[in-house]
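> next comes the sequence, and after it the predicted model I'd like to discuss.
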Amino acid sequence: MTEVDLVATALATGAAAELTDTSRGVVHDLHAVLRDAIRRRLSDGCDGVQGGYGARVLHAYETDPDVWRTRLLRVLAAELELDEEILGAARAVLRADRRAGHVIVDLVGCGARSG
């Protein structure tokens with residue numbers, strides 16, 4: 001799994017937690033940290049148009065990950081420096097979700113595994 005896939009998977013996992021009773025739990029909180037770090041980074045150092053586009057794609061991905069996945073992957077790869085803050089937050093979301101016993105689906109369609 002690439003770093004971009006890791007971050008996108010964590011975003012999808014956190015967004016899915018928003019739809020369940022765990023939305024007030026650890027996964028939700030860690031997802032908010034990840035999402036906020038990405039939003040900040042998309043607005044730092046980018047011109048208004050590109051930063052705005054990246055933020056819109058991130059928001060759209062949260063509402064419909066299946067439709068917006070490819071665009072989000074492009075934004076993450078092209079516009080976002082995936083530093084340790086973002087990668088660490090993404091790993092924390094996935095670890096917390098595994099501890100909660102949820103299933104994690106690999107974004108590239110290689111299957112699923114349970115935590």
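Good, I have the coordinates. As the structure is a prediction and not an experimental result, all values here were calculated from the model.

> who touches the nearest residue to Val33 once chain neighbours are set aside in this structure?
Take Val33 and drop its neighbours on the chain: the residue closest to it by Cβ to Cβ, 6 or more residues apart in numbering is Ala89, 5.1 Å away. Any C-beta I mention is one placed from the backbone N, CA and C, and that applies to glycine too. Ala89 is in contact with 10, 30, 33-34, 37, counting by Cβ atoms under 8 Å, 6 or more residues apart in numbering.

> where are the low-confidence patches of this structure?
For the chain, the stretches with pLDDT under 70 are 18-24, 44-51, 101-115.

> show me which helix runs longest in it.
Identified as the longest helix of the chain according to DSSP state H is helix 26-43.

> okay, buried residues for that helix please.
Buried residues in helix 26-43, counted by 16 or more other Cβ atoms under 10 Å: 26-31, 33-35, 37-38, 41-42.
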